[in-house]
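Asks: Sequence first, predicted coordinates after that:
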Amino acid sequence: MTDSPANRRAEPRLPVHFEVDCTSGDTFLYAHITDISSMGIFISTDKPLPVGTVLQLAFTPRADTAGGPAPQRLELTGEVVWNTTGQVAPDKPGMGVRFHHAAPKTRSRLLELVRAIAYLDVATDIKP
């Protein structure tokens, strides 16, 4: 068993495809979230930021994954905890970002989103 970032995760990540705006100081990055958990995300980008970079993240879940009424934009802070920089021809270039949860309301909304995605993921695997 290798010590890859996937093997170190406390919670499994669920596949998604959300557009995300990332800012850090004067750096602005428009990218995509390809998986999510209540602890963090993987951001797919050809220009991953260095480990330790603190980011302001903003994304709006798609209506089919948020459950209930129209989804609202989530704004969170996170930190790059690993990236694909230095890997030879990574199959998925990007960076793993761990959330910093400041507001209980935001944390609650994030947990609801992840639970809805997990439910939809399981529900689509059920065959009639």
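Replies: In hand now; what should we look at? Residues are numbered from 1 along each chain as shown.

Asks: I'd like to know how far residue 49 sits from residue 56.
Replies: 12 Å (CB to CB, to the nearest Å). C-betas here are computed from N, CA, C, even on glycine.

Asks: Now do the shared contacts for those two.
Replies: Common neighbours of residue 49 and residue 56, using CB atoms under 8 Å, 6 or more residues apart in numbering, are 22, 24.

Asks: Which one's more surrounded, these two?
Replies: The residue with more neighbours, out of residue 49 and residue 56, is residue 49; 21 against 14, by other CB atoms under 10 Å.

Asks: Who are the contact partners of the more buried one?
Replies: With contact taken as CB under 8 Å, 6+ apart, residue 49 is in contact with 22, 24, 27, 29, 55, 80, 83, 95.

Asks: Neighbour-wise, give me the winner out of these.
Replies: The most crowded member of the contacts of residue 49, judged by other CB under 10 Å, is residue 95 (27 neighbours).

Asks: export the contacts of residue 49 to CSV and tack on secondary structure, pLDDT and distance to residue 71?
Replies: CSV is the format used below for these (DSSP: H, G, I helix; E, B strand; the rest coil; pLDDT from 0 to 100; distance: CB to CB, whole Å):
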residue, secondary structure, pLDDT, distance to residue 71
22, strand, 95, 19
24, strand, 94, 25
27, strand, 91, 26
29, strand, 91, 22
55, strand, 95, 21
80, strand, 97, 25
83, strand, 95, 28
95, strand, 96, 24
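
Asks: could those be laid out in a markdown table, adding distance to residue 62?
Replies: What follows is those, written out as a markdown table (distance: CB to CB, whole Å):
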| residue | distance to residue 62 |
| --- | --- |
| 22 | 18 |
| 24 | 25 |
| 27 | 26 |
| 29 | 20 |
| 55 | 21 |
| 80 | 24 |
| 83 | 26 |
| 95 | 22 |
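
Asks: Thank you, goodbye.
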